[in-house]
Every structure is written in structure tokens, then in C-alpha cells.
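**Q** Sequence plus the predicted model coming up.
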Amino acid sequence: MTPISPQNNKPSAPLLRPRGSNHVGMRQFNERVVLQAIRHNGSLPKADLARLTGLTAQTIGLISARLEEDDLLIRHERVRGRIGQPSIPMALNPDGAFAIGIKIGRRSADWLLVDFTGRVRKRKTMSYPFPDADTLLPALEQNMRALKQELGALAPRLVGVGVAAPFQLGGWHKALGLSEAQSRTWNELDLSIAVQGMTDLPVSFAKDTSAACVAELVAGRGRDLKSFLYLFVDTFVGGGLVIHSHLHAGVHGNAGAVASLPLHLATSEHATPEQLFSHASLWDLEHRFKQVGLDPMAAYDERAVLQPFIAETGAWVESAANALAHCVVSATAFLDMDAIVMDGSFCRPLLDMLLLSTREALARYDWQGLWPVSVIPGSIGSDARALGGAMLPLHANFAPDRDLFLKVAT
């Protein structure tokens, strides 16, 4: 029976399921369907795999045997029920495949070695006031090589590299205090091509906040939400947009670019309106700390909610929350979403403060004609961008569909 939306009494689109085919010649597709079902539902006995995928019990048996032989699946202990024969759940083998996810940001870079289950095995981090190409590019190659070497005998199971970075890393250079030459260097550099020249592994590229949204979609809140706006507060705030369980990239791959959202009307009597990034980014919190002689990098760790930083943090939270509430209401007017998911590269207590203040700011708006939307915390945190990058090659090699951002329902 088709589910009915309680808001408009119209049939709502059912969540997508991984469906296999018993047609001869569909071996690889069916194998990927089985892997996808286990990835989204956890370990499953063969009977449940057959029910979820629509494949016959015989086909599931053959596929499970092949995937186990290829070291992609492992068997768990037998589970005895009240009736019938004991079942043997099949699970993803963590050592079945690996990927490297790289996040290149305006204040730091991260390298994550991620296993087949999506767990981070190894990490490397590099901090800087702003990335210098002559320093960062050699570090990219060095750390990729080091992570591959740490795999040892499992190195052949490394399937690819995913890079997450801003489309314009040199953007807003005046706000960051950069020279035009520094800005031009990054804006003219194609990171995906540069990284591909450092490795024989396939390299994928995604906008940093889109990659973070991918991680949330596949491994976090996206398991329960069909449509949501994703807000990620970093040096500059950014976002991603999920519609019907797919990441909506937009014509230029720039959907969710909330940093550029104007906060006021543009009129002939006034200057160009401020944009969201000027109030809701950690760059502003850095500036507040610097003005009173405090370490600006405290914006990215637990010091931000402790003395002597907390006074400046509280003032920033109030300003950022008002700006984010404006963004939420504006987005809700165009997109009828399940929720707003907010995360960032700061500590969780600061995220809690920002969420609470944003909800209070939203209560001051007139919601007539709109459905109020929930604002909830993301579940991944600062690793979201690099983790989302690592998911790109894993999906390319082991998911049944070409659309990375398909969510599979239980």
C-alpha cells in the first residue's frame, strides 16, 4: 500500500529499495545489490537478504559464496531462533576494501583511511593559517603514500581516493587577509588533476560541504530523513541539499552554497548587503578572539566554550544564530523539507549552543504560510568532509547504481 502524507493526504513517494534481478548476466549488479543491502541494514541472514533484494534463495546463496570467497563478506556466529534452523548472518568484511578521503580546508587538511564498513582506520592532519600550495601539495602525496604503506599486505585492496575541497579555495581572500596572488594560485589550480598526478589510484572530487552532506546522508541522519537542507559551519559556512534521498547538486554542482545568501535587501540607498558567511562562519569567531588577544584557532576546539573565550563565543553564537535562522526560513519558503541538519568543524558543546540559539531565533519569525521545520544536529562532525570524500571511490566500486547519493530503505 502506498503511504499517505499526513499533511496533504496525497500519496508520498516510497523510499527506494535495492532490488536485484534474477536475469542471467546480472551477476555484478546483483552482487552490489547484496552488498548495499548489508551496508544499510547491518549483518543479515540469507533469508532476509532474499526478502530485501527480491532475489531467489538460490541466487543469494551463490552470491554470498562468491563475495565470501572475494573477502568482501564474512560470516557471523549462528543465531538460534525459537523455531527452525539456526541462521548465519552475513556481514561486510572491514578488510574487504579501503579508500582514502582527503579534506582540504582553509585552516587544515585531513587524510582518512576508511575501511569497507566506513570506519576510520588511520588519520593524518595538517593545520595552517591558510594552505600554501608549495607546502600542501607535497604533503598530499606524502600522506597518501604513507597511508597506503600502513596497509601493508592489504594495500592492493585500496580502491581509490576522494578529495573534498571548496570550489574556490581562494575565495573571499580579502576577508581572510590573503594577497590576490595567493587567491589566484588556488582558484587556477585543478585539485583533482593535481592529486591524480600523485597516484595510480582513481581520484574523485567533490565540493567540501557536498562531501560532508554525503557522509550525513549515507552514514548519519540521511538514514531517516528523505529531504533536508544540510548546513556545515566551518571557516566559511556552507551546505548541501538532499531531495527525496538524493543529493541535489544543481546545474553547476553548487546547490547549498548558503555562504553567499544575502541577509538584507539590495537597494540603491545602501551598500551591497552582507552575506551569510560574514555572521555564521568561524572566520568571524576567529576575528572576535583575535581582537581581544586570544588564540583565534580556539574557534575549532573545546577552548571556545571555556574561559576566557566563552564571552566572545556567546556573542558570536547570538549573531550566527540570527543569520542562520534567516537562512532556514528563506530555504523553507522554497523547499518543503523534513528538517535542517546542522553540523560543523567545532566542538559538540558549541554545536549545542548554536542549535539552541537558532531555534530561539526561529521562534521570532512569522511562519504563516509555511510548515515549521525542525533543526537537528548532524551526527558526523568535523570528519564529515573527508569521510564523504572516501565514500566516493567505495561507492563507485561496490554500489549497484551510478547515483552515489541513493538512500536504500530498510
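**A** Perfect, I can see it now.
**Q** what helix or strand does residue 251 sit in?
**A** Following DSSP states H and E, there is no helix or strand that holds residue 251.
**Q** gap between it and residue 257?
**A** 12 Å (Cβ to Cβ, to the nearest Å). C-betas here are computed from N, CA, C, even on glycine.
**Q** For those two, indicate the residue with more neighbours.
**A** Legend: neighbour count by other Cβ atoms under 10 Å for residue 251 and residue 257, higher for residue 257 (22 against 6).
**Q** in the chain, what spans have low per-residue confidence?
**A** 1-25, 80-86, 170-177, 401-410 (pLDDT under 70).
**Q** Would you point out which residue is most central in it?
**A** Centroid-nearest residue in the chain, with Cα atoms, centre = their mean: residue 212, separated by 2.2 Å.
**Q** how close does it sit to residue 384?
**A** Between residue 212 and residue 384 the computed distance is 4 Å (Cβ to Cβ).
**Q** which neighbours do those two share?
**A** Contact criterion Cβ atoms under 8 Å, 6 or more residues apart in numbering; residues shared by residue 212 and residue 384: 232, 343.
**Q** Assumed residue 230 was part of a strand.
**A** Yes - the assignment for residue 230 is a strand, going by DSSP: H, G, I helix; E, B strand; the rest coil.
**Q** where does it sit relative to residue 391, distance-wise?
**A** Residue 230 sits 15 Å away from residue 391, going by Cβ to Cβ.
**Q** neighbour count winner among those two?
**A** Neighbour comparison, residue 230 and residue 391: the larger count goes to residue 230, with 31 against 26 (by other Cβ under 10 Å).
**Q** Stretch 329-344: end-to-end distance?
**A** The first and last residues of stretch 329-344 sit 20 Å apart, counting by Cα to Cα, to the nearest Å.
**Q** Of all the residues in that stretch, which ones are buried?
**A** Across stretch 329-344, burial judged by 16 or more other Cβ atoms under 10 Å covers 329, 331-332, 337-344.
**Q** just checking, what packs against the helix or strand the residue nearest to the centre of the chain falls within?
**A** Here residue 212, judged by DSSP H and E, is contained in helix 208-219. Applying 3 or more Cβ pairs under 8 Å, 6 or more residues apart in numbering; DSSP states H and E, one finds that helix 208-219 contacts strand 98-104, strand 158-165, strand 228-233, strand 238-243, strand 246-247, strand 339-344, helix 384-398.
**Q** could you dump the ones you listed to a markdown table with distance to residue 73?
**A** Shown next, in a markdown table, are the helices and strands packed on helix 208-219 (distance: least, Cβ to Cβ, whole Å):
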| stretch | distance to residue 73 |
| --- | --- |
| strand 98-104 | 16 |
| strand 158-165 | 16 |
| strand 228-233 | 32 |
| strand 238-243 | 29 |
| strand 246-247 | 27 |
| strand 339-344 | 31 |
| helix 384-398 | 11 |
